[in-house]
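A.B. asks: When you get a sec, could you give me coordinates for this:
(one chain, ligands or ions: 1)
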Amino acid sequence: MAIFIPEDKVLEIKNAADIVDIVSEVVHLKKSGKNFLGLCPFHSEKTPSFSVSPEKQIYHCFGCGVGGNIFSFLMKHDGLAFPEAVRTLARRYGVEIPTKSLTHEQRKRMGEREALLNINRQAMDFFGRTLRSKSAGVQAMSYLKRRGLSAETIDRFHLGYAPKGWDHFLNYISKKGAPLALVEKSGLVLPKKDKRGYYDRFRDRIIFPILDVNQAVIGFGGRVLDDSLPKYLNSPETPVYNKSRSLYGLHIAKNKCRTTKTIFIVEGYLDLLALHQHGIENSVATLGTALTEEHVRLLTRYAPGMLLVYDSDEAGIRSALRCVDIFWKEHVDFSRGDVFQEEKADTHILVLPEGHDPDSFLMENGPEKFQSAASQAPSIITFLIEQAIGRHGLTTEGKIRVIAELQRPLAAINDKVARSLYIKKLAERIGIDENIVLERVREHRSDQSKKESQTRNDLADKGSRLEKQIIAMMLQFPTILPAVKMHNVIDYIENDRLKSIGKTVLENQLSSAGQISELLTSIEDPVQQNLIATLAMIEESWDENGCLKLIKQFVATGKKHRDSKIIEQIRAAEKKNDHETLHHLLKEKQKLAVQSQKQKLV
Ligand SMILES: [Zn+2]
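C.D. replies: Have a look, this model is predicted:
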């Protein structure tokens, strides 16, 4: 160890670091006398026997007997070598370790992870200096100022600028002696097509360095200065960067999250910066990906409450439904919020007024208005209930749809008391007998366990799932019916029941989704009725173009399938010398060829 880091530095780091701080990032600790107590992260247990002493700066488990200091904890828990553990803490507590004294040989001995983090750190410095340079960075800096960012925020988040041109960073990092194969692994440069050399990934972009909770630079986001596309470009996944596990701003937000017990989650870099600049520091942003289970697991270490901020109802609904899935899998109760006022463990959804994102909302209205909107934000379930009512109304048909939509989210609540309170709330809100809602939710809960074993079958049944989707689209987007007719879509549907529904829809010349209930009355078969109702309520974010694309794709696969089937039959007939069938099949094949030729001309 002394090869890399001078002893006095190790001591300095040890004095600066706090073991309670580090351990409580992975273990939920409770004060117990002089010490802190929690569940051991190194063995499985139900009663806490893992003890941490702030006074002695050590930990010990009475269950499995492990123990040590802050370095050994990190080494054991994160699988780090000693120098890595020391560097991790040095970064976190702002202790500088001189790296220049390293020889080439020593550098090679540093782990790959360390080396990548080192390259990233140098890149951050390079981009940061470029932004502040009087020549290259002027435009970028004035862009940031125009977006309302203060010099303090720019510094605090180490914002930078990747200059125009193909090799500025490449040249810089080459001169520093970094092996280019490794730089490629960091995602900062890309190999040229002819494999002769590399070029910079980030060019003429504002750079947002992404730091982890230990202040390590793990990746970058880059934004253009104008409207060109792609607007944002992110580092690819690397050995040190995993999108679904990383959150922008968490390294600064974490302490505030602990004290406020709530985390604001937004979707963009600039939104996040606006929040911090306005003093709302318990905020993080996802990085070009939806909230994942891993994010949730990470965030619950810092605060029990989450508030997801969105700029549109649709985005809010999508995210709320995704959360329901995540929390269900994670067996976390997400919905105790407005049922148990005293409990802080909850997830809320804040949808900003139309036309606003967090950035513009804060600029216009200030942080107090934002906080007050946040304090009134509904819990996930309340949000979903109100959204469903807003979309479907409280007519009989509307109520049925509302219940159908809420069935799954309500069933996903693990806490029995919370579940029954929300069921009651929904029943009262839409004026329907509580038992009916209860029954629906129960059905869904028992269905769910069956479903898990069925998933495999469903996957095999993909063809029919696509067929269901086609019918659902026909029901929900009557404007696509002419295209359905023209491409003879119904001919390619193999499931008899779905085929017959498709025919009925075309025959009835449905012209608006509102006519579904009329259509239903014209159908006698109850199974068919159920199926139509189900399909009419499948929630997908479709648009007309998407529908047409899916139809074409469906027809194309259908044709292929049909053609190969006929060829197979022809072969079989040839083998058997069955001239009559052969003749019939060849005629059929010709007819189909003419038919599809005609469609092509249309
Ligand atoms: Zn233990």
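A.B. asks: any idea what sits nearest the residue of the stretch 251-400 of the chain found nearest the ion, other than its immediate chain neighbours?
C.D. replies: Here the residue of the stretch 251-400 of the chain nearest the ion is R301; by C-beta to the ion that distance is 18.7 Å. For every residue, glycine as well, the C-beta is placed using N, CA and C. Distances taken as C-beta to C-beta, 6 or more residues apart in numbering put E25 closest to R301, at 6.0 Å, once the chain neighbours are dropped.
A.B. asks: helix, strand or coil for the one you found?
C.D. replies: Under the three-state scheme (DSSP: H, G, I helix; E, B strand; the rest coil), E25 adopts coil.
A.B. asks: Look at it and report its pLDDT.
C.D. replies: pLDDT for E25: 86.
A.B. asks: returning to that earlier point: give me the distance between the residue of the stretch 251-400 of the chain closest to the ion and A81.
C.D. replies: For R301, the distance to A81 equals 24 Å [C-beta to C-beta, to the nearest Å].
A.B. asks: Kindly report the same for N488.
C.D. replies: 65 Å.
A.B. asks: now L180
C.D. replies: 25 Å.
A.B. asks: sorry, back to before: pretty sure the residue nearest to R301 sits against V213.
C.D. replies: Yes. With contact defined as C-beta atoms under 8 Å, E25 counts as touching V213 (6.7 Å).
A.B. asks: More neighbours: which of these two?
C.D. replies: V213 (19 against 16; other C-beta atoms under 10 Å).
A.B. asks: any idea how far the ion is from that one?
C.D. replies: Distance of V213 to the ion, computed by C-beta to the ion, to the nearest Å: 23 Å.
A.B. asks: did I read that right, that residue in a strand?
C.D. replies: No. Going by three-state DSSP, the assignment for V213 is coil, not a strand.
A.B. asks: Just give the nearest non-adjacent residue to it, would you?
C.D. replies: Once flanking residues are discounted, V213 sits nearest to H251: 5.3 Å by C-beta to C-beta, 6+ apart.
A.B. asks: what's near enough to touch the one you found?
C.D. replies: Going by C-beta atoms under 8 Å, 6 or more residues apart in numbering, H251 touches 211-215.
A.B. asks: Tell me the secondary structure at R301.
C.D. replies: coil.
A.B. asks: quick one: contacts for it?
C.D. replies: 25-26, 28.
A.B. asks: next one: phi and psi at it?
C.D. replies: phi -70, psi -30 (degrees, to the nearest 10).
A.B. asks: what about Q590, how many neighbours?
C.D. replies: 10.
A.B. asks: Next one: it from H584, what distance?
C.D. replies: According to C-beta to C-beta, Q590 stands 11 Å off from H584.
A.B. asks: between these two, what contacts are shared?
C.D. replies: Residues touching both Q590 and H584 (C-beta under 8 Å, 6+ apart): there are none.
A.B. asks: D8: neighbour count?
C.D. replies: Neighbours around D8, by other C-beta under 10 Å: 8.
A.B. asks: Surely Y199 is in a strand?
C.D. replies: Yes. The assignment for Y199 by three-state DSSP puts it in a strand.
A.B. asks: and it, what pLDDT?
C.D. replies: On pLDDT, Y199 comes in at 97.
A.B. asks: Quick one: classify the residue lying closest to it once chain neighbours are set aside as helix, strand or coil.
C.D. replies: Spatial nearest neighbour of Y199, excluding adjacent residues (C-beta to C-beta, 6+ apart): W166 at 4.5 Å. Of the three states, W166 takes coil under three-state DSSP.
A.B. asks: So W166 is in contact with R201, correct?
C.D. replies: No. Counting by C-beta under 8 Å, W166 does not reach R201; the two are 10.3 Å apart.
A.B. asks: Looking at these two, which is more packed in?
C.D. replies: Set W166 next to R201 and count neighbours by other C-beta under 10 Å: R201 wins out with 21 against 14.
A.B. asks: That one touches G187, doesn't it?
C.D. replies: Yes. Assessed by C-beta under 8 Å, R201 is found in contact with G187 at 6.3 Å.
A.B. asks: what residues are shared contacts of these two?
C.D. replies: By C-beta under 8 Å, 6+ apart, the residues touching both R201 and G187 are S235.
A.B. asks: low pLDDT regions in the stretch 151-300 of the chain?
C.D. replies: When residues are selected by pLDDT under 70, none of them lie in the stretch 151-300 of the chain.
A.B. asks: Surely G288 is in a helix?
C.D. replies: No. G288: not assigned to a helix; according to three-state DSSP it is coil.
A.B. asks: Can you tell me what sits against stretch 289-300?
C.D. replies: Residues outside stretch 289-300 that contact it (C-beta under 8 Å, 6+ apart) are 242-245, 247, 250, 257, 263, 265, 284, 286, 306, 308, 319, 322-323, 326-327, 329-330, 332.
A.B. asks: now, which of those residues lie within strands?
C.D. replies: If you go by DSSP state E, the contacts of stretch 289-300 have 263, 265, 284, 306, 308 in strands.
A.B. asks: Nearest to I207 among these?
C.D. replies: Set against I207, the nearest of those by C-beta to C-beta is V284 (18.6 Å).
A.B. asks: Give the full set of residues in contact with the closest one.
C.D. replies: Under the criterion of C-beta under 8 Å, 6+ apart, the neighbours of V284 are 247-250, 253, 263-266, 272, 299.
A.B. asks: Could you do V437 as well?
C.D. replies: 403, 406, 410, 423, 426-427.
A.B. asks: What about these, which one has the most neighbours?
C.D. replies: Sorting these by how many neighbours each has (other C-beta under 10 Å) puts L410 first, at 28 neighbours.
A.B. asks: circling back to that earlier point, taking the ones in strands among the contacts of stretch 289-300, tell me the two that lie furthest apart.
C.D. replies: Spatially, the most separated pair among the ones in strands among the contacts of stretch 289-300 is V284 and L308, at 10.9 Å (C-beta to C-beta).
A.B. asks: Quickly list what's touching both of those two.
C.D. replies: I265.
A.B. asks: which residues of the stretch 51-200 of the chain fall in helices?
C.D. replies: Using DSSP state H, counting those that start in this stretch, the helices of the stretch 51-200 of the chain run over 70-78, 82-92, 104-109, 112-132, 138-146, 151-156, 168-175, 180-185.
A.B. asks: I meant to write the stretch 201-350 of the chain there.
C.D. replies: For the stretch 201-350 of the chain, helices defined by DSSP H, counting those that start in this stretch occupy the ranges 250-260, 269-277, 293-299, 313-330.
A.B. asks: tell me the contacts of R419?
C.D. replies: Contacts for R419 (C-beta under 8 Å, 6+ apart) come out as 410-411, 413, 441.
A.B. asks: Rank those residues by pLDDT and give me only the lowest.
C.D. replies: Among those, I413 has the weakest pLDDT, 81.
A.B. asks: Tell me how far that one lies from V309.
C.D. replies: Taking C-beta to C-beta, one finds I413 at 23 Å from V309.
A.B. asks: next one: R318
C.D. replies: For R318, the distance to V309 (C-beta to C-beta) stands at 14 Å.
A.B. asks: Need the phi and psi values for the closest residue to the ion within the stretch 351-500 of the chain.
C.D. replies: Here the residue of the stretch 351-500 of the chain nearest the ion is N414; by C-beta to the ion that distance is 27.3 Å. Per-residue torsions, N414: phi -80, psi -30 (degrees, to the nearest 10).
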